[in-house]
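# sequence below, structure please.
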Amino acid sequence: MRILLATAGSRGDIEPFAALARRAVVEGHHARLIAPDSSGADLSGVDALSMGVDYTRLIEDQGVSLVAAIRSYSSVVRPIMNAVIVEPARAALEYRPDVIVAHPKVLSAPIIAEALGIPNILVEIVPAMTPTSRFPAAGTTTRNLGVFNKLTYQAAAASAAMFRTDLDQAARVLGVSRRSVAPPSATLMPISPAVLARPSDWPQTVHLTGPWLTETVSNQLTDEIASFIAGGQFVYAGFGSMAVGDPAARAREVLGGIRDFGARALLATGLGGLKAAPQLLGDDVLVVRSIDHALVLPHAVAAVHHGGIGTVQSATRASTVSVIVPFIADQPFWGARVHARGLGPAPIHQRHLSSARIVTSLKDSESYRPAIAGASRSMADEDGAGAALSVIAGLL
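All right, here's what the predicted structure looks like:
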């Protein structure tokens, strides 16, 4: 089986696809991944093709501001989306896959599938495309709108209308005329049922597989991090690419809360999510740019983070309670879900972040340890990548 995987976005959008590609090769398949550059994701051992876009540079240049994105739509966003739409079409023509497995941003995936006569498999990293009455689409609202929840899913479905000319270009690359295309042959969500209960009104073509992971085979921690972990109780804090507001003030409040709680702090600065001023540092603080969550979080007493699904699942799998400070997109959704599932304290809105709130949440996290331990045991039995490959193979 020849699998073309196509994804777009930041590290959290790429790592699951890389893990699935590796697993496919282990099971004797051929897999090629087309993805953005400089994401920070480990693509070792993956047949990876550049999409010709760099989301990391975009984030470094303008942060994650919606206003900045709107202002730069014509000069930055539109060219990026053109590459995301057109380059997978070129890759598919050259690779001739038996199936395409694509992120929702790859709007050309249905056209590719129809042109080549192959199944199109949609990958929802977060539940934002498949309507349900149980909860609103991730990235819209955290309020339960009841029967109106399904209406929130129309926003994502309507995005293709903004890129009609780019989709027409992809169709020309493939030598077909763009017209109405069939829905995905299947939808895969690399999400654990321990984190998100499967709604009963999802169609049977939607599969909640569990996270797609590349297992860490050896201790790859630096001596500095390993020594810090061995030094006793610590709290991990990282906000990834959330370079909005004042990251120095944010670090001050987070670090103050961790210290008042009585723990040491491992701060991951990411792409500007935190910025630790020198006067805040001491023997009880270690500052790094990024870490392997799978290696570090099992040793942390809690994880203070922005609530991206990758970090949520890493912390849950590590039996580490999450204190979520959501910023944008799907993060408020996961903050609300984690709390509703009894896996962590109520999220702290980033505008209301304070050391006092951090202390309170860290103290509250103690009561969630039994539930998070149970979720961790459940996730230990999951084989997300294997389940996904079984679905893919079943369509051929």
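# got the residue ranges for the helices in the stretch 151-300 of the chain?
154-157, 164-174, 223-230, 247-261, 293-296 (DSSP state H, counting those that start in this stretch).
# quick one: closest of the ones you listed to residue 368.
Smallest distance to residue 368 across the helices of the stretch 151-300 of the chain (CB to CB): 14.9 Å, for helix 247-261. The way it works is simple: take the backbone N, C-alpha and C, and place the C-beta from them, glycine included.
# by contact count, what packs against that closest one?
The contact analysis (3 or more CB pairs under 8 Å, 6 or more residues apart in numbering; DSSP states H and E) places helix 247-261 against strand 234-238, strand 264-268, strand 302-305, helix 355-364.
# which other residues reach the shortest one?
This means strand 302-305. Strand 302-305 is contacted from outside by 235-240, 254, 257-258, 297, 311-312, 315, 320-325, 358, 361-362, 365, using CB atoms under 8 Å, 6 or more residues apart in numbering.
# helix or strand next in line after it, which one?
Counting by DSSP states H and E, the next helix or strand C-terminal to strand 302-305 is helix 309-317.
# quick one, that following helix and strand 264-268 angle?
150 degrees (axes from the mean of the first three to the mean of the last three CA atoms, to 10 degrees).
# for helix 309-317, output the C-alpha coordinates as PDB.
Output in PDB follows, covering the C-alpha atoms of helix 309-317 (Å, rounded to 0.1, in the frame of the first residue of the first chain):
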ATOM      1  CA  ILE A 309      -4.400  18.500  22.100                       C
ATOM      2  CA  GLY A 310      -0.900  17.100  21.800                       C
ATOM      3  CA  THR A 311       0.200  18.400  25.200                       C
ATOM      4  CA  VAL A 312      -3.200  17.400  26.700                       C
ATOM      5  CA  GLN A 313      -2.800  13.800  25.600                       C
ATOM      6  CA  SER A 314       0.900  13.700  26.500                       C
ATOM      7  CA  ALA A 315       0.200  14.900  30.000                       C
ATOM      8  CA  THR A 316      -2.800  12.500  30.400                       C
ATOM      9  CA  ARG A 317      -0.800   9.600  29.100                       C
END
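# of the helices of the stretch 151-300 of the chain, which is nearest residue 205?
When the helices of the stretch 151-300 of the chain are compared (using CB to CB), the closest one is helix 154-157, at 16.1 Å.
# pLDDT of that closest one, averaged?
For helix 154-157, the mean per-residue pLDDT is 76.
# from here on, call the first residue 39.
Sure thing, new numbering starts at 39, so read that last one as helix 192-195.
# where does residue 296 land on pLDDT?
The per-residue pLDDT reported for residue 296 equals 97.
# how near is residue 303 to residue 313?
14 Å (CB to CB, to the nearest Å).
# ok, and for stretch 71-78, which residues are buried?
Buried residues in stretch 71-78, counted by 16 or more other CB atoms under 10 Å: 71-74, 77-78.
# how about those, which pair is most distant?
Largest separation among these by CB to CB: 72 and 78, giving 17.2 Å.
# for the nearest residue to residue 339 once chain neighbours are set aside, what are its contacts?
In this structure, residue 339 finds its nearest non-sequential neighbour in residue 271, 5.4 Å apart by CB to CB, 6 or more residues apart in numbering. Listed by CB under 8 Å, 6+ apart, the contact set of residue 271 reads 300-302, 339.
# mind putting these in a markdown table, neighbour count, pLDDT and distance to residue 231 included?
Formatted as a markdown table, the contacts of residue 271 follow (neighbours: other CB atoms under 10 Å; pLDDT from 0 to 100; distance: CB to CB, whole Å):
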| residue | neighbour count | pLDDT | distance to residue 231 |
| --- | --- | --- | --- |
| 300 | 12 | 96 | 35 |
| 301 | 18 | 96 | 31 |
| 302 | 19 | 97 | 34 |
| 339 | 20 | 96 | 26 |
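# ok, so of those residues, who is nearest residue 146?
Out of these, the member with the shortest distance to residue 146 (by CB to CB) is residue 339, at 45.2 Å.
# please tell me how far that closest one sits from residue 302.
When distance is defined by CB to CB, residue 339 is 10 Å away from residue 302.
# now list whatever residues contact both of those two.
With CB under 8 Å, 6+ apart as the test, residue 339 and residue 302 both reach 271-273.
# can you put these in TSV and add distance to residue 432 and pLDDT?
Below are the shared contacts of residue 339 and residue 302 laid out as TSV (distance: CB to CB, whole Å; pLDDT from 0 to 100):
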residue	distance to residue 432	pLDDT
271	47	94
272	44	97
273	43	97
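# adding distance to residue 317, write those out as a markdown table.
Below are the shared contacts of residue 339 and residue 302 laid out as a markdown table (distance: CB to CB, whole Å):
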| residue | distance to residue 317 |
| --- | --- |
| 271 | 24 |
| 272 | 20 |
| 273 | 20 |
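# which one among those gets closest to residue 233?
Closest approach between the shared contacts of residue 339 and residue 302 and residue 233, by CB to CB: residue 273, at 20.9 Å.
# beta-bridge partners for the closest one, please?
Beta bridges link residue 273 to residue 303, residue 340, judged by DSSP bridges.
# ok, it - contacts?
296, 299, 301-304, 338-342, 400.
# using JSON lines, lay out those together with distance to residue 164.
As requested, those are exported to JSON lines (distance: CB to CB, whole Å):
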{"residue": "296", "distance to residue 164": "28"}
{"residue": "299", "distance to residue 164": "30"}
{"residue": "301", "distance to residue 164": "30"}
{"residue": "302", "distance to residue 164": "32"}
{"residue": "303", "distance to residue 164": "28"}
{"residue": "304", "distance to residue 164": "26"}
{"residue": "338", "distance to residue 164": "24"}
{"residue": "339", "distance to residue 164": "27"}
{"residue": "340", "distance to residue 164": "23"}
{"residue": "341", "distance to residue 164": "19"}
{"residue": "342", "distance to residue 164": "21"}
{"residue": "400", "distance to residue 164": "26"}
